[in-house]
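Engineer: Sequence plus predicted model, see below.
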Amino acid sequence: MKLQYIFLFIIPSILLSCENKGKETIAKKKVPNKYTLAFGSCNNQFTTNTLWKEILKNKPDIFIWGGDIIYCDTYDMKFMKKNYAQQKNDSSYMDFTKQVETIGTWDDHDYGINDGGAEYSKKDSVQQLFLDFFDIDQNDPRRSQQGVYFSKKIEINEHLLNLIVLDTRYFRSNLTKDPTGAKRYIPNKGGEGTFLGDNQWNWLEKEMNNSNADFNIIMSSVQFLSFKHGFESWGTMPHEVKKLKNLIADSNAKGVIILSGDRHIAEISVDTIANIPYPLMDITSSGLTHSYTSFKGEENPNRVGNVVSEKNFGILKFDLTNNTVTIEIRGENNKLYQTYSQKY
Ligand SMILES: [Fe+2]
């Protein structure tokens with residue numbers, strides 16, 4: 001084989017293998033130092049989603065699903081496939097995804113089982129259907145790994161955003177039901193259980209420890225800083241909450257912000273945590289097509305502002321020149337329910 005042919009063969013092979021190993025994508029943006037992220041969750045595939053056009057009014061650079069993209073609790077994979085297709089072929093969603101890059105994770109109802117975790121026997125099959133929904137390449141690491149977690153790097157001039165999308169379902173071990181029935185779950189005893197599983201924890205540790213991003217946005221699906229309500233949250237495993245807080249502190253990762261959904265309400269939770277040099281935020285936005293309209297209130301010592309129990313979506317506006325993020329909770333007619341700013 002002539003030398004130039006050898007190079008022609010070898011170089012693309014090296015490039016391909018690098019691409020396959022990398023869990024990240026770098027996308028450059030020309031607009032100086034501004035970036036708008038939208039997110040939302042809890043979308044019934046048979047209910048008209050009136051918010052896609054409202055989200056577009058905010059000109060987001062990306063939309064991150066926080067899960068419950070569809071509602072389909074089932075073990076029937078043909079049925080699951082049909083329901084993902086129902087959402088993918090929805091005309092207003094198709095119009096939205098033509099204009100905005102869309103990434104995300106699953107929660108329980110698009111995973112296939114209410115409040116489900118590692119025990120769900122169809123998770124590997126649903127994982128492929130979930131990745132098909134996002135048109136994820138067959139060479140993407142998510143096609144061969146267990147769980148849908150990944151990260152995406154966004155380069156904006158000399159600044160960097162790291163979007164970390166977690167899988168809080170695939171590895172999550174059993175929760176403890178409240179024996180009194182007053183709440184749905186109580187915290188697991190004696191440090192029992194895992195939220196992310198060993199492989200995902202190891203990956204997340206590397207992701208955080210090696211991050212030189214200005215902001216590290218973690219999409220969690222279930223809530224992190226609001227945990228007293230007794231529904232699903234990281235608070236069902238206090239040792240895992242501690243582990244993530246310690247990781248954020250020890251990694252020195254800048255501007256960590258947690259996003260969540262699941263609850264059919266929106267709220268902003270903020271906490272001061274030892275050795276994290278900025279307030280940690282957990283911004284919850286849910287749901288897109290239906291919300292907890294009968295919400296009467298619940299305890300959350302970390303909440304700032306009110307609970308929004310109308311349909312809603314979240315917007316994060318990054319000003320990288322001033323290292324500031326402005327959070328907005330918006331809804332029908334792009335109505336602004338809540339805004340909160342944090343300088344880092
Ligand atoms: Fe939901």
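Structural biologist: Perfect, I can see it now.
Engineer: Pick out the residue in the stretch 51-200 of the chain sitting closest to the ion.
Structural biologist: Of all residues in the stretch 51-200 of the chain, residue 68 sits closest to the ion, with a separation of 3.6 Å (C-beta to the ion). For glycine as for every other residue, the C-beta is placed from the backbone atoms N, C-alpha and C.
Engineer: Now do the contacts for that residue.
Structural biologist: 41-43, 106-110, 261-262, 286-287 (C-beta atoms under 8 Å, 6 or more residues apart in numbering).
Engineer: show me which of the residues you listed neighbour the ion.
Structural biologist: Near the ion, judged by C-beta under 5 Å from the ion, the entries from these are residue 42.
Engineer: Pull the most distant pair out of the contacts of residue 68.
Structural biologist: The most widely separated members of the contacts of residue 68 are 106 and 287, with 14.5 Å between them, by C-beta to C-beta.
Engineer: Quick check: residue 93 is in a helix.
Structural biologist: Yes. With DSSP: H, G, I helix; E, B strand; the rest coil as the criterion, residue 93 is part of a helix.
Engineer: List the residues that contact it.
Structural biologist: For residue 93, the contact set (C-beta under 8 Å, 6+ apart) comprises 49, 52, 87.
Engineer: Tell me which helix or strand the last one sits in.
Structural biologist: Think residue 87. helix 77-88 (DSSP states H and E).
Engineer: same check, this time on the first one
Structural biologist: Under the criterion of DSSP H and E, residue 49 resides outside all helices and strands.
Engineer: Could you pull up the contacting residues of it?
Structural biologist: The neighbours of residue 49, taking C-beta under 8 Å, 6+ apart as the test, are 43, 90, 92-93, 288-289.
Engineer: Just the buried subset of those residues, please.
Structural biologist: Taking 16 or more other C-beta atoms under 10 Å as the criterion, what is buried in these is 43, 90, 93, 288-289.
Engineer: among the residues you listed, which are in helices?
Structural biologist: Among the buried ones among the contacts of residue 49, the members found in helices (DSSP state H) are residue 93.
Engineer: Pipe the buried ones among the contacts of residue 49 into JSON lines and attach pLDDT per row.
Structural biologist: As requested, these are exported to JSON lines (pLDDT from 0 to 100):
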{"residue": "43", "pLDDT": "98"}
{"residue": "90", "pLDDT": "98"}
{"residue": "93", "pLDDT": "98"}
{"residue": "288", "pLDDT": "98"}
{"residue": "289", "pLDDT": "98"}
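Engineer: Which single one of the buried ones among the contacts of residue 49 is nearest to residue 114?
Structural biologist: The closest of these, once distances to residue 114 are taken by C-beta to C-beta, is residue 43, at 15.9 Å.
Engineer: Distance of the closest one relative to residue 59?
Structural biologist: In this view, residue 43 and residue 59 are 21 Å apart by C-beta to C-beta, to the nearest Å.
Engineer: again with residue 302
Structural biologist: The span separating residue 302 from residue 59 equals 30 Å under the rule C-beta to C-beta.
Engineer: swap in residue 332?
Structural biologist: When distance is defined by C-beta to C-beta, residue 332 is 18 Å away from residue 59.
Engineer: do residue 167 as well
Structural biologist: Between residue 167 and residue 59 the distance, using C-beta to C-beta, works out to 29 Å.
Engineer: ok, now residue 183?
Structural biologist: Following C-beta to C-beta, the distance that separates residue 183 from residue 59 is 40 Å.
Engineer: Residue 199 - that's part of a helix, no?
Structural biologist: Yes. Residue 199 forms part of a helix when assessed by three-state DSSP.
Engineer: Pull the contacting residues for it.
Structural biologist: Here residue 199 is in contact with 145-147, 171 (criterion: C-beta under 8 Å, 6+ apart).
Engineer: For the helix or strand hosting residue 270, buried residues please.
Structural biologist: Assigned by DSSP H and E, residue 270 belongs to strand 266-271. Buried residues in strand 266-271, counting neighbours by 16+ other C-beta under 10 Å, are found at 266-270.
Engineer: Many thanks, we can stop here.
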